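Asker: with the sequence up front, the predicted model follows.
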Amino acid sequence: MSQPTILQTIVAHKRKEVATRRELVPVKLLETSLYFASKPLSLRHYLLRENGSGLIAEFKRKSPSKGWINQYAPVERTTLGYMQAGAAALSVLTDAAFFGGKNEDLAVARRFNFCPILRKDFVVDEYQVLEAKSIGADAVLLIAAVLTPAEIATLGTLARSLGLEVLLEVHDAGELARSANADAVDLIGVNNRNLHDFSLSLDTSLELASAIPDSFVKVSESGISNAAAIAQLRGAGYRGFLLGEAFMRHARPERACAALVQELAVLPKTAAFAQNLA
(Lines give C-alpha, C1' and ligand atoms only; values in the text may rest on other atoms or scores of the structure.)
Protein backbone atom coordinates (compact mmCIF):
# COMPACT_ATOMS: atom_id res chain seq x y z
CA MET A 1 0.00 0.00 0.00
CA SER A 2 1.39 3.40 -1.01
CA GLN A 3 1.96 6.07 1.57
CA PRO A 4 -0.55 8.96 1.56
CA THR A 5 0.66 12.24 0.09
CA ILE A 6 1.12 15.24 2.37
CA LEU A 7 -2.06 16.71 0.91
CA GLN A 8 -4.04 13.57 1.71
CA THR A 9 -2.59 13.56 5.22
CA ILE A 10 -3.58 17.19 5.75
CA VAL A 11 -7.13 16.65 4.49
CA ALA A 12 -7.67 13.54 6.62
CA HIS A 13 -6.49 15.45 9.69
CA LYS A 14 -8.65 18.43 8.76
CA ARG A 15 -11.84 16.36 8.60
CA LYS A 16 -11.23 15.06 12.13
CA GLU A 17 -10.35 18.54 13.35
CA VAL A 18 -13.54 20.04 11.92
CA ALA A 19 -15.68 17.35 13.52
CA THR A 20 -14.15 18.17 16.90
CA ARG A 21 -14.56 21.93 16.47
CA ARG A 22 -18.20 21.56 15.44
CA GLU A 23 -18.90 19.85 18.77
CA LEU A 24 -17.02 22.47 20.76
CA VAL A 25 -18.39 25.51 18.90
CA PRO A 26 -21.79 24.78 17.31
CA VAL A 27 -22.95 26.68 14.23
CA LYS A 28 -25.49 28.64 16.29
CA LEU A 29 -22.63 30.01 18.38
CA LEU A 30 -20.65 30.98 15.26
CA GLU A 31 -23.68 32.91 14.04
CA THR A 32 -23.60 35.15 17.12
CA SER A 33 -20.38 36.75 15.86
CA LEU A 34 -20.69 40.43 15.03
CA TYR A 35 -19.17 39.68 11.62
CA PHE A 36 -22.29 37.82 10.57
CA ALA A 37 -24.07 41.16 10.40
CA SER A 38 -21.25 42.99 8.62
CA LYS A 39 -20.61 43.26 4.90
CA PRO A 40 -17.29 41.75 3.79
CA LEU A 41 -14.86 43.67 1.60
CA SER A 42 -14.43 42.61 -2.02
CA LEU A 43 -11.12 40.95 -2.79
CA ARG A 44 -11.90 41.26 -6.51
CA HIS A 45 -12.40 45.01 -6.21
CA TYR A 46 -9.18 45.61 -4.31
CA LEU A 47 -7.12 43.54 -6.77
CA LEU A 48 -8.62 45.36 -9.75
CA ARG A 49 -7.80 48.84 -8.45
CA GLU A 50 -5.95 50.66 -11.21
CA ASN A 51 -3.11 51.97 -9.08
CA GLY A 52 -2.99 49.07 -6.64
CA SER A 53 -0.10 46.67 -6.15
CA GLY A 54 -2.21 43.53 -6.56
CA LEU A 55 -0.24 41.95 -3.73
CA ILE A 56 -1.95 39.50 -1.40
CA ALA A 57 0.53 39.49 1.48
CA GLU A 58 0.40 36.32 3.53
CA PHE A 59 0.97 35.69 7.20
CA LYS A 60 2.38 32.16 7.42
CA ARG A 61 4.51 30.83 10.27
CA LYS A 62 5.55 27.50 8.76
CA SER A 63 4.88 25.02 5.96
CA PRO A 64 5.02 21.22 5.63
CA SER A 65 7.93 21.43 3.20
CA LYS A 66 10.03 24.12 4.92
CA GLY A 67 9.16 23.75 8.59
CA TRP A 68 9.21 26.94 10.67
CA ILE A 69 9.67 30.06 8.54
CA ASN A 70 9.00 32.78 11.10
CA GLN A 71 7.66 31.28 14.28
CA TYR A 72 7.46 34.43 16.39
CA ALA A 73 6.31 37.11 13.95
CA PRO A 74 3.56 39.19 15.61
CA VAL A 75 0.26 39.12 13.74
CA GLU A 76 -0.74 42.70 14.51
CA ARG A 77 2.52 44.38 13.51
CA THR A 78 3.08 42.19 10.45
CA THR A 79 -0.38 42.40 8.91
CA LEU A 80 -0.85 46.08 9.69
CA GLY A 81 2.59 46.68 8.21
CA TYR A 82 1.59 44.80 5.07
CA MET A 83 -1.47 47.01 4.63
CA GLN A 84 0.42 50.21 5.34
CA ALA A 85 3.12 49.14 2.88
CA GLY A 86 0.57 48.97 0.09
CA ALA A 87 -0.57 45.35 -0.08
CA ALA A 88 -3.97 45.10 -1.74
CA ALA A 89 -5.13 42.33 0.58
CA LEU A 90 -4.03 39.90 3.26
CA SER A 91 -3.95 36.12 3.44
CA VAL A 92 -3.85 34.49 6.85
CA LEU A 93 -3.10 30.81 7.42
CA THR A 94 -5.43 29.36 10.05
CA ASP A 95 -4.29 25.72 9.92
CA ALA A 96 -2.53 24.81 13.16
CA ALA A 97 -1.11 21.33 12.66
CA PHE A 98 0.80 21.93 9.43
CA PHE A 99 1.17 25.70 9.13
CA GLY A 100 1.33 26.91 12.73
CA GLY A 101 -1.68 29.19 12.38
CA LYS A 102 -4.95 29.60 14.24
CA ASN A 103 -8.31 31.31 13.84
CA GLU A 104 -7.24 33.97 16.31
CA ASP A 105 -4.53 35.12 13.89
CA LEU A 106 -7.17 36.12 11.37
CA ALA A 107 -9.40 37.65 14.03
CA VAL A 108 -6.49 39.83 15.20
CA ALA A 109 -5.66 40.83 11.62
CA ARG A 110 -9.30 41.79 11.10
CA ARG A 111 -9.32 44.11 14.10
CA PHE A 112 -6.32 46.10 12.85
CA ASN A 113 -6.79 46.16 9.07
CA PHE A 114 -9.18 47.69 6.58
CA CYS A 115 -8.41 45.63 3.49
CA PRO A 116 -9.81 42.26 2.39
CA ILE A 117 -8.58 39.17 4.24
CA LEU A 118 -8.45 35.73 2.68
CA ARG A 119 -8.82 32.80 5.05
CA LYS A 120 -6.14 30.35 3.89
CA ASP A 121 -6.97 26.83 5.02
CA PHE A 122 -8.02 23.45 3.70
CA VAL A 123 -11.77 23.88 3.45
CA VAL A 124 -13.56 20.53 3.22
CA ASP A 125 -16.78 21.24 5.10
CA GLU A 126 -19.53 23.86 5.17
CA TYR A 127 -18.75 24.45 8.84
CA GLN A 128 -15.42 26.03 7.86
CA VAL A 129 -17.15 28.52 5.58
CA LEU A 130 -19.41 29.63 8.42
CA GLU A 131 -16.38 29.74 10.68
CA ALA A 132 -14.55 31.97 8.19
CA LYS A 133 -17.43 34.42 8.25
CA SER A 134 -17.48 34.37 12.06
CA ILE A 135 -13.81 35.35 12.42
CA GLY A 136 -13.97 38.24 9.96
CA ALA A 137 -12.72 36.79 6.69
CA ASP A 138 -13.76 38.40 3.42
CA ALA A 139 -12.87 35.48 1.17
CA VAL A 140 -12.20 31.76 1.44
CA LEU A 141 -9.85 29.47 -0.43
CA LEU A 142 -11.15 26.31 -2.09
CA ILE A 143 -8.54 23.88 -3.40
CA ALA A 144 -9.53 21.95 -6.52
CA ALA A 145 -7.05 19.17 -5.73
CA VAL A 146 -9.00 18.14 -2.62
CA LEU A 147 -12.59 18.89 -3.67
CA THR A 148 -14.96 17.52 -6.28
CA PRO A 149 -16.75 19.91 -8.65
CA ALA A 150 -19.95 19.24 -6.68
CA GLU A 151 -18.23 20.14 -3.39
CA ILE A 152 -16.83 23.33 -4.92
CA ALA A 153 -20.32 24.28 -6.07
CA THR A 154 -21.82 23.63 -2.62
CA LEU A 155 -19.10 25.35 -0.61
CA GLY A 156 -18.77 28.25 -3.04
CA THR A 157 -22.51 28.87 -3.15
CA LEU A 158 -22.66 28.92 0.65
CA ALA A 159 -19.72 31.31 0.86
CA ARG A 160 -21.26 33.72 -1.62
CA SER A 161 -24.61 33.60 0.18
CA LEU A 162 -22.73 34.93 3.23
CA GLY A 163 -21.13 37.72 1.19
CA LEU A 164 -17.74 36.01 1.06
CA GLU A 165 -15.82 35.76 -2.20
CA VAL A 166 -14.24 32.52 -3.34
CA LEU A 167 -10.69 32.00 -4.57
CA LEU A 168 -10.40 28.64 -6.31
CA GLU A 169 -6.87 27.24 -6.37
CA VAL A 170 -5.81 25.03 -9.28
CA HIS A 171 -2.52 23.38 -10.14
CA ASP A 172 -3.02 22.21 -13.72
CA ALA A 173 -5.28 22.40 -16.77
CA GLY A 174 -7.36 19.40 -15.70
CA GLU A 175 -8.28 20.94 -12.36
CA LEU A 176 -9.11 24.22 -14.07
CA ALA A 177 -11.35 22.61 -16.69
CA ARG A 178 -13.44 20.61 -14.25
CA SER A 179 -13.59 23.11 -11.38
CA ALA A 180 -14.01 26.64 -12.78
CA ASN A 181 -17.62 27.30 -11.78
CA ALA A 182 -18.74 30.86 -12.45
CA ASP A 183 -21.75 30.39 -10.18
CA ALA A 184 -19.60 29.56 -7.15
CA VAL A 185 -16.17 31.11 -7.75
CA ASP A 186 -14.97 34.72 -8.05
CA LEU A 187 -11.22 34.40 -8.51
CA ILE A 188 -8.98 31.64 -9.80
CA GLY A 189 -5.55 31.19 -8.30
CA VAL A 190 -2.85 29.16 -10.01
CA ASN A 191 -0.48 27.57 -7.51
CA ASN A 192 2.99 27.40 -9.01
CA ARG A 193 4.02 24.68 -6.57
CA ASN A 194 4.07 21.09 -7.85
CA LEU A 195 2.10 19.03 -5.33
CA HIS A 196 4.18 15.94 -5.94
CA ASP A 197 7.73 17.22 -5.52
CA PHE A 198 7.09 20.75 -4.14
CA SER A 199 9.14 22.34 -6.93
CA LEU A 200 8.17 25.85 -8.03
CA SER A 201 7.81 27.30 -11.52
CA LEU A 202 6.06 30.44 -12.75
CA ASP A 203 5.56 28.59 -16.02
CA THR A 204 2.51 26.99 -14.42
CA SER A 205 0.76 30.36 -14.18
CA LEU A 206 1.98 31.50 -17.58
CA GLU A 207 0.79 28.31 -19.31
CA LEU A 208 -2.68 28.40 -17.71
CA ALA A 209 -3.32 32.14 -18.07
CA SER A 210 -5.06 32.01 -21.44
CA ALA A 211 -7.25 29.09 -20.34
CA ILE A 212 -8.78 31.01 -17.43
CA PRO A 213 -12.01 32.76 -18.52
CA ASP A 214 -11.85 36.55 -18.24
CA SER A 215 -14.87 36.52 -15.91
CA PHE A 216 -12.53 35.41 -13.12
CA VAL A 217 -9.85 37.58 -11.58
CA LYS A 218 -6.56 35.75 -12.13
CA VAL A 219 -4.25 35.24 -9.17
CA SER A 220 -0.78 33.69 -9.21
CA GLU A 221 0.34 31.95 -6.03
CA SER A 222 3.73 30.79 -4.70
CA GLY A 223 7.21 31.15 -6.12
CA ILE A 224 6.93 34.90 -6.69
CA SER A 225 9.81 36.83 -5.17
CA ASN A 226 10.52 39.96 -7.20
CA ALA A 227 9.01 42.75 -9.26
CA ALA A 228 10.24 41.30 -12.55
CA ALA A 229 8.20 38.13 -11.98
CA ILE A 230 5.10 40.19 -11.21
CA ALA A 231 5.63 42.28 -14.35
CA GLN A 232 5.75 39.08 -16.40
CA LEU A 233 2.59 37.76 -14.75
CA ARG A 234 0.81 41.07 -15.24
CA GLY A 235 1.58 40.82 -18.92
CA ALA A 236 -0.15 37.43 -18.96
CA GLY A 237 -3.31 38.91 -17.42
CA TYR A 238 -2.83 38.25 -13.71
CA ARG A 239 -4.11 40.90 -11.30
CA GLY A 240 -3.38 39.21 -7.96
CA PHE A 241 -0.04 37.96 -6.64
CA LEU A 242 0.05 35.95 -3.43
CA LEU A 243 3.36 36.05 -1.59
CA GLY A 244 3.98 34.37 1.73
CA GLU A 245 7.40 32.87 2.27
CA ALA A 246 9.10 35.61 0.24
CA PHE A 247 8.04 38.05 2.97
CA MET A 248 7.87 35.82 6.04
CA ARG A 249 11.46 34.58 5.85
CA HIS A 250 12.56 38.15 6.71
CA ALA A 251 12.80 39.26 10.34
CA ARG A 252 10.41 42.10 9.50
CA PRO A 253 8.11 40.74 6.76
CA GLU A 254 6.27 44.03 6.40
CA ARG A 255 9.50 45.79 5.40
CA ALA A 256 10.14 43.21 2.68
CA CYS A 257 6.62 43.89 1.44
CA ALA A 258 7.22 47.63 1.43
CA ALA A 259 10.42 47.21 -0.60
CA LEU A 260 8.59 45.16 -3.24
CA VAL A 261 5.74 47.67 -3.46
CA GLN A 262 8.29 50.43 -4.09
CA GLU A 263 9.85 48.37 -6.89
CA LEU A 264 6.44 47.78 -8.44
CA ALA A 265 5.60 51.48 -8.34
CA VAL A 266 8.32 52.30 -10.85
CA LEU A 267 7.63 49.44 -13.24
CA PRO A 268 6.10 50.46 -16.55
CA LYS A 269 2.68 48.96 -17.15
CA THR A 270 2.81 46.39 -19.94
CA ALA A 271 0.50 46.74 -22.92
CA ALA A 272 -1.48 43.67 -21.86
CA PHE A 273 -1.88 45.00 -18.33
CA ALA A 274 -2.99 48.42 -19.58
CA GLN A 275 -5.54 46.75 -21.84
CA ASN A 276 -6.94 44.81 -18.88
CA LEU A 277 -7.48 48.07 -17.05
CA ALA A 278 -9.52 49.56 -19.87
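Answerer: Happy to help now that I have it.
Asker: what's the spacing between the helix or strand hosting Leu242 and its chain's center?
Answerer: Taking DSSP states H and E as the criterion, the element that holds Leu242 is strand 240-243. Distance of strand 240-243 from the chain centroid (C-alpha atoms, centre = their mean, to the nearest Å) equals 8 Å.
Asker: kindly report the same for stretch 219-237.
Answerer: The answer for stretch 219-237 is 15 Å, by C-alpha atoms, centre = their mean.
Asker: and it, which residues are buried?
Answerer: Using 16 or more other C-beta atoms under 10 Å as the test for burial, stretch 219-237 gives 219-225, 227, 229-237. Every residue, glycine included, has its C-beta placed from N, CA and C.
Asker: helix or strand: which one has the closest residue to Pro4 other than its chain neighbours?
Answerer: Closest residue in space to Pro4, ignoring its immediate chain neighbours: Ala12 at 7.2 Å, by C-beta to C-beta, 6 or more residues apart in numbering. Using DSSP H and E, Ala12 maps to helix 6-24.
Asker: what comes into contact with that helix?
Answerer: Residues outside helix 6-24 that contact it (C-beta atoms under 8 Å, 6 or more residues apart in numbering): 4, 64-65, 95, 97-98, 121-122, 124-125, 127-128, 131, 145-146, 195.
Asker: swap in 6 Å and give it another go.
Answerer: Contact with helix 6-24 is made by Pro64, Ala97, Phe98, Phe122, Val124, Asp125, Tyr127, Val146, Leu195, as judged by C-beta atoms under 6 Å, 6 or more residues apart in numbering.
Asker: can you tell me which of those is nearest Glu165?
Answerer: Phe122 (18.0 Å; C-beta to C-beta).
Asker: measure how buried Thr157 is and give me the count.
Answerer: Counted with other C-beta atoms under 10 Å, the neighbours of Thr157 add up to 16.
Asker: tell me the contacts of the closest residue in space to Leu260 that isn't next to it in sequence?
Answerer: What sits nearest to Leu260 in space, not counting adjacent residues and going by C-beta to C-beta, 6+ apart, is Ala227, at 6.3 Å. Applying C-beta under 6 Å, 6+ apart to Ala227 gives the contacts Glu263, Leu264, Leu267.
Asker: go again with 10 Å.
Answerer: With contact taken as C-beta atoms under 10 Å, 6 or more residues apart in numbering, Ala227 is in contact with Ala259, Leu260, Val261, Gln262, Glu263, Leu264, Ala265, Val266, Leu267.
Asker: then Asp183?
Answerer: If you count contacts by C-beta under 10 Å, 6+ apart, Asp183 has them with Ala153, Gly156, Thr157, Arg160.
Asker: which element follows the helix holding Ala12 toward the C-terminus?
Answerer: Following helix 6-24 toward the C-terminus (DSSP H and E): helix 27-30.
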